[in-house]
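Participant: need a structure here:
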Amino acid sequence: AGFGEPRQYDYTRSGNPTRDQLAGAVAELDGGAGGVVTASGMAAVHLVTQLLQPGETLVAANDCYGGCHRLFRSVAARGHYDLCWTPLWETTAAVARLRELKPRMVWIETPSNPLLRITDIEAIAAAAHETGATVVADNTFLSPGWQTPIAHGADIVVHSTTKYLNGHSDVVGGVAVAATSELNEELAWWANCLGLTGAPFDSFLTLRGIRTLHARLRLHEENARVLVETLYGHPAVS
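Facilitator: Next comes the predicted model:
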């Protein structure tokens, strides 16, 4: 770029090539148009809720992650948006409730942390879209190796990359993957505005972790299968 012409990467909060590589990798795994990498999982959660206006309703599952529960409750109490807790795993009742509430955003977490309740993403997303809501799915507990919520109707997927995506317990981070480039651009604008973007070296380490994601998940599954089979066959377990 010439004098006075901004380059693509001129300030790391606004843009960084290593962070963009991580965002692209996770977006590809999730089947999204793009991603925004944040400094923590909760930063990604807070980022996505910037799409809400005062007076609009956020519907979230009762048993969502404790950090999300605290954030939603505290921010709603300050009037930034309205909040309605709904047991989204009870599909029929949840669909009826969404049609009644007509929310602006529906926050799915499946499996939930830590109760591991399962939500039918496709059914909830379809009902949410009937009323024009944005559907967000927290995919931290399965990762894109086992679940791709965008394929089932989610508009945004959130991860705490601290968990399975990084996999080495040495980085705290988050990412929000959007199904459309327009939604991704809006999230990127807010991430830069709020200063929530992740550090380049953390992005580098998370990219390292993702290289072994599918190998690690296969071993997790093998171990879990052996444990379940052992418990099913044990005389002390009924």
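
Participant: list the contacts of Thr162.
Facilitator: Thr162 makes contacts with 40-41, 171-174, as judged by Cβ atoms under 8 Å, 6 or more residues apart in numbering. Any C-beta I mention is one placed from the backbone N, CA and C, and that applies to glycine too.

Participant: so what's it closest to, chain neighbours aside?
Facilitator: Val172 (4.9 Å; Cβ to Cβ, 6 or more residues apart in numbering).

Participant: count of residues packed around that neighbour?
Facilitator: Here the count is done by other Cβ atoms under 10 Å, and Val172 has 19 residues near it.

Participant: and if you look at Thr131?
Facilitator: By other Cβ under 10 Å, the residues close to Thr131 number 15.

Participant: from Asp170, how far off is Phe201?
Facilitator: With the distance defined as Cβ to Cβ, to the nearest Å, Phe201 ends up 11 Å from Asp170.

Participant: what's the answer for Leu213, then?
Facilitator: 15 Å.

Participant: please say which of the two ends up with more neighbours.
Facilitator: Between Leu213 and Asp170, counting by other Cβ under 10 Å, Leu213 is the more crowded of the two (19 against 12).

Participant: what sits against that one?
Facilitator: With contact set as Cβ under 8 Å, 6+ apart, Leu213 has these partners: 29, 143-145, 164-165, 167.

Participant: and Ala151, that's in a helix?
Facilitator: Yes: according to DSSP: H, G, I helix; E, B strand; the rest coil, Ala151 belongs to a helix.

Participant: leaving out sequence neighbours, find the closest residue to it.
Facilitator: With Cβ to Cβ, 6+ apart, the residue lying closest to Ala151 is Gly31, at 5.7 Å.

Participant: wait, that neighbour sits on Thr148?
Facilitator: Yes: the pair Gly31 / Thr148 is scored as a contact, 5.1 Å apart, by Cβ atoms under 8 Å.

Participant: who has more neighbours out of these two?
Facilitator: Counting neighbours by other Cβ under 10 Å for Gly31 and for Thr148 shows that Thr148 has the greater number, 20 against 15.

Participant: look at the residue lying closest to Ala178 once chain neighbours are set aside and say how many residues are nearby.
Facilitator: Distance criterion Cβ to Cβ, 6+ apart; nearest residue to Ala178, sequence neighbours excluded, is Asn184 at 3.9 Å. A total of 21 residues lie near Asn184 under the criterion other Cβ under 10 Å.

Participant: what residues sit buried inside the one helix or strand Asn184 maps to?
Facilitator: Per DSSP states H and E: Asn184 is located in helix 181-194. When neighbours are counted by 16 or more other Cβ atoms under 10 Å, the buried residues of helix 181-194 are found to be 183-184, 187-188, 190-191.

Participant: which residues does it contact?
Facilitator: Residues beyond helix 181-194 that count as contacts (Cβ under 8 Å, 6+ apart) turn out to be 13-14, 27, 32-36, 38, 46-48, 50-51, 134, 155-156, 176-178, 196-197.

Participant: are any of those residues buried, and which?
Facilitator: Once neighbours are counted (16+ other Cβ under 10 Å), the buried part of those comes down to 27, 32-36, 38, 46-48, 50-51, 134, 155-156, 176-178, 196-197.
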